[in-house]
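[1] Just need the structure, nothing else, for what follows:
(2 chains)
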Amino acid sequence: MRRYVLSFLAALAIIPVAGIGIADNKGAPPAIVWEKILEDAIAGSKVAGKPVLLDFFIPT
Amino acid sequence: MTYPDAAVVDYITKNFIPLQINVQTSSEIAGKYRAFWTPTILVLDTSGTEYYRLNGFLPPDEFIPQLEFGLGMMALEKQDYKTASAQLKSVVDKYTRSDIAPQAQYWLGVSEYKAAHNVEALLNAWRKLKKDYPDSIWAKKVSFVK
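    This next block holds a predicted model:
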């Protein structure tokens, strides 16, 4: 019985924390997932049938 | 900033495989595509051949029309006139006040002409260009059209 009570209390403690994590993820702004290797992007382009958008940049 | 913009993220994700190349660490690729300034943005087909490029920063309301125009020009050059006309018309219709719209209207006429050798379609598109964008350089290019 004591074990069940402890489990229940542990669950109560974890759920709000998990909820914060889910809420944070849900609120995160969308982001572009950039390929970093030309050959990989071209391979992905062939598979998806989409063109490649190549952005040359300098880190700031 | 352009890339964090939700509409830009959505447009790029739906229409492209996005690739970022650091010119400082990938000088060979930068040289291959003749990228001498950043940002330089290219539209490549599925073989890696360049079909459109733009240089310099643009805000989202100009960047998305430019990308759509690039897709239209790639289709036009590949002689896929149906796709080209649809993309170029979309630029003109959806982004009427964007700076790329007059150029899209010009090439829309070319695409419609190429599709069916319809001279009247070409002239009508160019008349619309003169009427809607009289101050653009693209209107000057068709100033001979009555």
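
[2] does B:V8 really touch B:P60, like I thought?
    Yes - at 5.0 Å, B:V8 counts as touching B:P60 under the criterion of CB atoms under 8 Å. (Each C-beta comes from the backbone N, C-alpha and C, glycine too.)

[3] More neighbours: which of the two?
    More neighbours surround B:V8 than the other of B:V8 and B:P60, with 21 against 17 (other CB atoms under 10 Å in any protein chain shown).

[4] Show me which residues of chain B are close to chain A?
    B:3-4, B:6, B:8-10, B:12-13, B:15-24, B:29-30, B:33, B:35, B:38-48, B:51, B:67, B:71, B:74 (CB under 8 Å from any CB of the partner chain).

[5] Selecting buried members of those in ChimeraX, what would you type?
    Remark: buried members of the residues of chain B next to chain A, expressed as a ChimeraX selection using 16 or more other CB atoms under 10 Å in any protein chain shown:
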select /B:3,8,9,12,15,16,17,18,19,20,21,23,29,30,33,35,38,39,40,41,42,43,44,45,46,48,51,67,71,74
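
[6] follow-up on the earlier one: mind listing the shared neighbours of B:V8 and B:P60?
    Contact criterion CB atoms under 8 Å, 6 or more residues apart in numbering or on different chains; residues shared by B:V8 and B:P60: B:T2.

[7] Sort out for me which of the residues of chain B next to chain A are in strands.
    The strands, defined by DSSP state E, take in B:17-22, B:40-44, B:51 from the residues of chain B next to chain A.

[8] Name the residues of chain A found near chain B, please.
    So chain A meets chain B at A:29-38, A:41-42, A:44-46, A:48-59 (CB under 8 Å from any CB).

[9] can you rerun that using 7 Å?
    Within reach of chain B by CB under 7 Å from any CB of the partner chain, chain A has these residues: A:29-36, A:38, A:41-42, A:44-46, A:48, A:50-59.

[10] before we move on, back to that, dump the ones in strands among the residues of chain B next to chain A into JSON lines; add distance to B:D132 as well.
    Output for those, formatted as JSON lines (distance: CB to CB, whole Å):
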{"residue": "B:I17", "distance to B:D132": "34"}
{"residue": "B:P18", "distance to B:D132": "32"}
{"residue": "B:L19", "distance to B:D132": "35"}
{"residue": "B:Q20", "distance to B:D132": "36"}
{"residue": "B:I21", "distance to B:D132": "37"}
{"residue": "B:N22", "distance to B:D132": "41"}
{"residue": "B:T40", "distance to B:D132": "30"}
{"residue": "B:I41", "distance to B:D132": "27"}
{"residue": "B:L42", "distance to B:D132": "29"}
{"residue": "B:V43", "distance to B:D132": "25"}
{"residue": "B:L44", "distance to B:D132": "31"}
{"residue": "B:Y51", "distance to B:D132": "26"}
